[in-house]
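Trainee: got a sequence here, can you model it:
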Amino acid sequence: MSRAFELVYKVVVNCRNVRIDPQSIDDVLRVASLNKVLLHFLRATGFKGELKRREEARLKKVVKVVERIAHIFRDLDYAFFKLVKPVIYTPSDIDILVAYGDASSAFSRLRKLGFTAEVIEPYCITMVRGASIVDLYLHPTLGGIIYLDARKLLEHRRLADFHGIEIPTLETYAEALVSIAHAVYKERIYTLNDYATVRKWFSKRTLRLAEELECQQAVSLALQVHKAVERGEITLPYRIPIPLWVKVLASKVRYDKITRSTTFSLLKSLKDRRLGKHIISKLTRETY
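Mentor: All right, here's what the predicted structure looks like:
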């Protein structure tokens, strides 16, 4: 385990005060950023400066957009997800699950807010307005392949506080599963943000939901990562080895009917000109 990661881990997970050598501060901040816990780390350590002001400003903009969306979606069947976490962070985009019957209305209302469709996939539309990005999901997908059934996820909703705004989101145990599935199936990278979320919110209800959604292999892999981190054997973000990643995906396709039924979408994505860049990114990036 690297010294920089050890310091970030102590602050974020163990809530400890740490002494950071000024010569190593850049490495520590880089590790916190790669692990999607930068703002949490900056607040917890009392860090001052332009970086802190910039991160706070970014979060403030996200909160304003979320508040506006929550207002115009107030009569729709939907939920924010991957947004409310036990750690403080600034999401790069705002992810929303929306029921089939309300998808058209959600799309239209976002357009009225000034968002335009940037990427249209079978089960997800990425909409952009300036620096704000909203991913509107019918189902969470990987290359058009459904890896979680949103209809079942939407059965596990709650109202939660997001920086002073009450929004519909998923129950904590469901968010733990979403963190695992997103990191393992889609990103192939496990961050400290994922680790902290799962460590705090994983429960027996997470296991039961994983069984229902055929995600047991992903859960098993995530828990192995947790043990390796706690033994000091690996540092996060952790890139899942490709052979292991392919094995877990294959199991998902084999046992999950909805995943198997959408594998044809992968063939369509082979024609996408962006595919090459996506593959290179998936193989080489340090985080997501």
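Trainee: which residues in the stretch 151-288 of the chain form strands?
Mentor: Ranges of strands in the stretch 151-288 of the chain, per DSSP state E, counting those that start in this stretch, are 157-162, 165-170, 189-190, 238-239.
Trainee: now stretch 174-189: buried residues?
Mentor: With burial defined by 16 or more other CB atoms under 10 Å, the residues of stretch 174-189 counted as buried are 174-189. For the C-beta atoms, the positions are set from N, CA and C on the backbone; glycine is no exception.
Trainee: just the closest of those to residue 201, please.
Mentor: Residue 201 lies nearest to residue 176 out of the buried residues of stretch 174-189, by CB to CB, at 4.1 Å.
Trainee: what number of residues lie near the closest residue to that closest one other than its chain neighbours?
Mentor: Leaving aside its chain neighbours, residue 176 sits nearest to residue 201 (4.1 Å; criterion: CB to CB, 6 or more residues apart in numbering). Neighbours of residue 201 under the rule other CB atoms under 10 Å: 20.
Trainee: residue 201 and residue 177 touch, don't they?
Mentor: No. At 9.1 Å, residue 201 does not count as touching residue 177 under the criterion of CB atoms under 8 Å.
Trainee: if I look at the spatially most central residue of the chain, how far off is residue 176?
Mentor: In the chain, the residue lying closest to the centroid (CA atoms, centre = their mean) is residue 82, at 4.8 Å. Distance of residue 82 to residue 176, computed by CB to CB, to the nearest Å: 11 Å.
Trainee: so who does residue 238 touch?
Mentor: Shown in contact with residue 238 (CB atoms under 8 Å, 6 or more residues apart in numbering): 189-190, 225, 228-229.
Trainee: buried stuff in the longest helix along the chain?
Mentor: Longest helix in the chain by number of residues, with DSSP state H as the criterion: helix 50-72. Buried residues in helix 50-72, counted by 16+ other CB under 10 Å: 52, 55, 59, 62, 65-66, 69-70.
Trainee: cool, and stretch 91-111?
Mentor: Residues of stretch 91-111 classed as buried by neighbour count (16+ other CB under 10 Å): 91, 94-98, 103, 105-107, 109-110.
Trainee: and residue 147, how far from residue 207?
Mentor: For residue 147, the distance to residue 207 equals 18 Å [CB to CB].
Trainee: so residue 180 touches residue 195, yeah?
Mentor: No. Using CB under 8 Å as the test, residue 180 is too far from residue 195 to be in contact (10.1 Å).
Trainee: about what we covered before: and which of the buried residues of stretch 91-111 is nearest to residue 233?
Mentor: Among those, residue 91 lies closest to residue 233 (CB to CB), at 29.1 Å.
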